[in-house]
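Asker: 3D, please:
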Amino acid sequence: MAKWFVTRKGADFNKIAQEHGISPITARLLRNRDVFEFEDVEAFLHSDIRSLHDPHELQDMDKAAAIMKECIERGDNIRVIGDYDVDGICSSYILYEGIRKCGGHVDVRLPHRVEDGYGLSDALIDKAQEEGINTIITCDNGIAATTQVAHAKELGMTVIVTDHHEVLCDSEDKDRMILPEADAVVDPKRKDDLSKFREICGAMVAYKFICVLTELMGISENQNDGFFRDLRIFAGWATVCDVMPLKDENRIIVKDSFKNIPLSHNVGLNALIRECGVEADRITCYIYGFVLGPCLNATGRLDSAMRGLELLLEQDPDAAAGIAKELKELNDSRKDLTKEGQDAAMVKLDEYKGQLPKVLVIYLPGLHESLAGIIAGRVREATHRPTYILTDTKDGILKGSGRSIEAYHMHDALSECRDLLLKFGGHKMAAGFSLEKDNLEAFNKALNDNCNLTEDDFQEVLHIDMELPPEYLSIPLLREFEEIGPYGTGNEEPLFAARSIELLSGRVIGKNANVGKFQIKDTTGRCYDMMVFNGLDKWDEFLNETFGEDNVKKLYNGSLNDKMYINVAYRPQINEYRGMESLQIVLRDYMKCSEKKSS
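Answerer: Residues are numbered from 1 along each chain as shown. Here you go, the predicted model:
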């Protein structure tokens, strides 16, 4: 169970509601997201891609586009070098298609996770030179590749860096950036960048670059043109999968992506949608992040990310269907390996006998290095502690991935012990790195010695929008809530609290018997279905401790006589079944009810 904090931001909710034709409850949800001025509310509810920020704002953007124009007109052989995750694949696709539309001779190389490592490498540069490449443009990587860019420049190459990761700074002078000496460096995290919104993914940077480049090349951007529309679809997909905050233009691009994906001309994307059994007109952040995205990610984890890019570039429907099937099967295999790694990590934690360190550093020899980040995320969720998972690569080198909590800046933490690392990069909530095996203990010690987290930081905090008894819910109200979406990191789905909810009956459902469905009653006597999707074991433990095992058995067999009241944190949901719609609530957290109500 978490600590509950009900958000209490003031405003004239009735006035906001009247001005914009919404309910006061929705007005309060907007205020909780710091949206309450008239123009801001209008923009939040009605903005579209015309509200995206000017791409020319990005530092070096005009310079980078002008250099690329010269390279295209000169007939240079241009190579895009991306990354092996969804953002890297999508941004590579965007740059490839955009440069090709401008008449450039362009190809793409995505690094192999095991053979090449992350991002730009000397080996990829040397290979490019051998194959007659004159110009390299990176996407979703390159900002930390100072020595690699220097190597490419020594070979006489033109190098453009487009990235969105944190910029390295001098260890003694935090205000002095360490930028690669490329011909142009476009990264919204540059300290001298003047963008109005800087938390965008690599694919969004790539999309903005293509907008400026096509403009420079005299190609007009028609918002409804299939070419630009498809590029925005991939920028939105990458935004979700790279866990960018769904605020400002990120929210706009994701909404636009959802709207346009049914119109997509991309044969490979359509094949993957069919293979995963989802409907193009019902795409959500969950579908992007946990259904489609992992299939593309699996290629970079267990095979070559080039296979994922090949899917997006494939024009033949039969061939695309074959690749999509292959990707889904690969992801299914990845799930099994992830479960094994997660179990091994939790066994390691048992050795601490409940006295966990502030920062978890877990070495899993034999783990496929591509799974370290996923497992770090799972352990972080279970412990609410910053977690680093490391595994072997070769020649005594360990490679790791980290996932963080809100109170811990992971990139800054790695910067403080950079002398122990061979390479690192990332941002506040996630990072990747490598080090020599002999430095593992020193790395663990340095992270924990430098950590200032307190016990309060390790307890999950639930930020609840408001206390809202279920009796106030209606299907029209929930449809109104949808206008505040899409929901995800930085724009969380509305979360409410309700007191004195009575449990009437319950049953376990689902293929794996890991979902609970309960009938509940509010204080007015109105009944609802309540779903428990996660942590059913812990939920049952709570019920047994609070009401006794006998009563819990009666709850599940429908013969309960004693009153069982709890307070709940919940998300409302519209359940659609056989053409009928009904309200249900999804349990997020729970606690004992201090007061009893008479029936």
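Asker: Make sure residue 141 is actually in contact with residue 162.
Answerer: No - applying C-beta atoms under 8 Å as the test, residue 141 and residue 162 come out as separate, 9.0 Å apart. For glycine as for every other residue, the C-beta is placed from the backbone atoms N, C-alpha and C.
Asker: what touches both of the two?
Answerer: Common contact partners of residue 141 and residue 162 (C-beta atoms under 8 Å, 6 or more residues apart in numbering): residue 202.
Asker: Mind listing what's buried along the top helix by length along the chain?
Answerer: Among the segments of the chain that qualify as a helix by DSSP state H, the longest is helix 317-350. For helix 317-350, a neighbour-count test (16 or more other C-beta atoms under 10 Å) marks 320-321, 323-324, 326-328, 330-331, 334, 337-338, 341-342, 344-345, 349 as buried.
Asker: Give the other helices and strands that that helix contacts.
Answerer: The contact analysis (3 or more C-beta pairs under 8 Å, 6 or more residues apart in numbering; DSSP states H and E) places helix 317-350 against helix 267-275, helix 293-302, helix 305-313, strand 360-363, helix 372-383.
Asker: With mean pLDDT added, can I get those in JSON lines?
Answerer: Converted to JSON lines, these look like this (pLDDT from 0 to 100):
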{"stretch": "helix 267-275", "mean pLDDT": "97"}
{"stretch": "helix 293-302", "mean pLDDT": "80"}
{"stretch": "helix 305-313", "mean pLDDT": "93"}
{"stretch": "strand 360-363", "mean pLDDT": "96"}
{"stretch": "helix 372-383", "mean pLDDT": "92"}
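Asker: Let me know which of those is the nearest to residue 4.
Answerer: helix 372-383 (18.4 Å; C-beta to C-beta).
Asker: Please enumerate residues in contact with that closest one?
Answerer: 338, 341-342, 345-346, 349, 356, 360, 362, 364, 367, 385-391, 399-405, 430, 432, 458.
Asker: Buried among these? Make that a ChimeraX selection.
Answerer: Buried subset of those, written as a ChimeraX selection, criterion 16+ other C-beta under 10 Å:
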select :338,341,342,345,349,360,362,364,367,385,386,387,388,389,390,391,399,400,401,402,403,404,405,430,432
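Asker: circling back: average pLDDT across the longest helix of the chain?
Answerer: Per-residue pLDDT over helix 317-350 has a mean of 92.
Asker: can you give me the angle that helix makes with helix 372-383?
Answerer: Inter-element angle recorded for helix 317-350 and helix 372-383: 50 degrees (by axes from the mean of the first three to the mean of the last three C-alpha atoms, to 10 degrees).
Asker: Report the buried residues of stretch 430-442.
Answerer: For stretch 430-442, burial by neighbour count (16+ other C-beta under 10 Å) applies to 430, 431, 432, 433, 434, 435, 439, 440.
Asker: Next, the angle from the strand or helix carrying the fourth one to helix 372-383.
Answerer: Pointing back at residue 433 there. Residue 433 belongs to strand 430-436 when assigned by DSSP states H and E. With the same axes, to 10 degrees defining the directions, strand 430-436 sits at 120 degrees from helix 372-383.
Asker: Against which helices or strands is strand 430-436 packed?
Answerer: Applying 3+ C-beta pairs under 8 Å, 6+ apart, we find strand 430-436 packed against strand 397-403, helix 410-416, strand 423-426.
Asker: What is the neighbour count of the residue nearest to residue 540 when sequence neighbours are not counted?
Answerer: Nearest in space to residue 540, with sequence neighbours left out and distances taken as C-beta to C-beta, 6 or more residues apart in numbering, is residue 552 at 6.9 Å. Residue 552 has 21 neighbours, counted by other C-beta atoms under 10 Å.
Asker: does residue 552 count as helix, strand or coil?
Answerer: For residue 552, the secondary structure call by DSSP: H, G, I helix; E, B strand; the rest coil comes out as helix.
Asker: That one reaches residue 544, doesn't it?
Answerer: Yes - counting by C-beta under 8 Å, residue 552 touches residue 544, with 5.4 Å between them.
Asker: returning to that earlier point: of all the helices and strands packed on strand 430-436, which gets the most neighbours per residue?
Answerer: Mean neighbour count (mean count of other C-beta atoms under 10 Å) peaks for strand 397-403 among the helices and strands packed on strand 430-436, with a mean of 24.
Asker: Strand partners (parallel or antiparallel) of that one?
Answerer: strand 387-392 (antiparallel), strand 430-436 (antiparallel) (DSSP bridges).
Asker: Distance check, residue 572 against residue 115.
Answerer: Residue 572 sits 48 Å away from residue 115, going by C-beta to C-beta, to the nearest Å.
Asker: what about the two, which has more around it?
Answerer: Shown here are residue 572 and residue 115; by other C-beta under 10 Å, residue 572 has more neighbours (22 against 9).
Asker: Packing partners of the helix or strand hosting that one?
Answerer: According to DSSP H and E, residue 572 maps onto strand 565-577. If contacts are counted by 3+ C-beta pairs under 8 Å, 6+ apart, strand 565-577 sits against helix 475-482, strand 496-509, strand 527-532, strand 580-592.
Asker: Touching, residue 420 and residue 442? I think so.
Answerer: Yes - contact criterion C-beta under 8 Å: residue 420 and residue 442 qualify, at 5.7 Å.
Asker: low pLDDT regions in the chain?
Answerer: Within the chain, the segments meeting pLDDT under 70 span 114, 116-117, 223-224, 300-303, 595-599.
Asker: Pick out the residue closest to the middle of it.
Answerer: residue 243 (2.0 Å; C-alpha atoms, centre = their mean).
Asker: Could you grab the helix/strand/coil label for it?
Answerer: coil.
Asker: isn't it right up against residue 490?
Answerer: No - assessed by C-beta under 8 Å, residue 243 is found out of contact with residue 490, at 9.0 Å.
Asker: What is the neighbour count of residue 315?
Answerer: By other C-beta under 10 Å, the residues close to residue 315 number 10.
Asker: Please name the residues that touch it.
Answerer: residue 267.
Asker: separation between it and residue 234?
Answerer: Counting by C-beta to C-beta, the gap from residue 315 to residue 234 is 16 Å.
Asker: one step back: for the residue nearest to residue 540, give me its contacts.
Answerer: Counted by C-beta under 8 Å, 6+ apart, residue 552 has contacts 540, 543, 544.
Asker: Kindly reformat these as a markdown table containing distance to residue 22 and secondary structure.
Answerer: Converted to a markdown table, the contacts of residue 552 look like this (distance: C-beta to C-beta, whole Å; DSSP: H, G, I helix; E, B strand; the rest coil):
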| residue | distance to residue 22 | secondary structure |
| --- | --- | --- |
| 540 | 39 | helix |
| 543 | 38 | helix |
| 544 | 43 | helix |
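Asker: which one of those has the most neighbours?
Answerer: Counting neighbours by other C-beta under 10 Å, residue 543 leads those with 20 neighbours.
Asker: quick one: that residue and residue 555 touch, right?
Answerer: Yes - look at residue 543 against residue 555 with C-beta under 8 Å: they come within range, at 7.2 Å.
Asker: which residues are common contacts for the two?
Answerer: Residues touching both residue 543 and residue 555 (C-beta under 8 Å, 6+ apart): residue 564.
Asker: before we move on, the earlier item: export the helices and strands packed on helix 317-350 as JSON lines, with columns for distance to residue 74.
Answerer: Listed next are the helices and strands packed on helix 317-350 as JSON lines, based on distance: least, C-beta to C-beta, whole Å:
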{"stretch": "helix 267-275", "distance to residue 74": "31"}
{"stretch": "helix 293-302", "distance to residue 74": "32"}
{"stretch": "helix 305-313", "distance to residue 74": "25"}
{"stretch": "strand 360-363", "distance to residue 74": "49"}
{"stretch": "helix 372-383", "distance to residue 74": "40"}
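Asker: Indicate which one of those is closest to residue 124.
Answerer: helix 305-313 (12.5 Å).
Asker: Can you name every helix or strand that that closest one contacts?
Answerer: helix 86-101, strand 105-109, helix 267-275, helix 293-302, helix 317-350.
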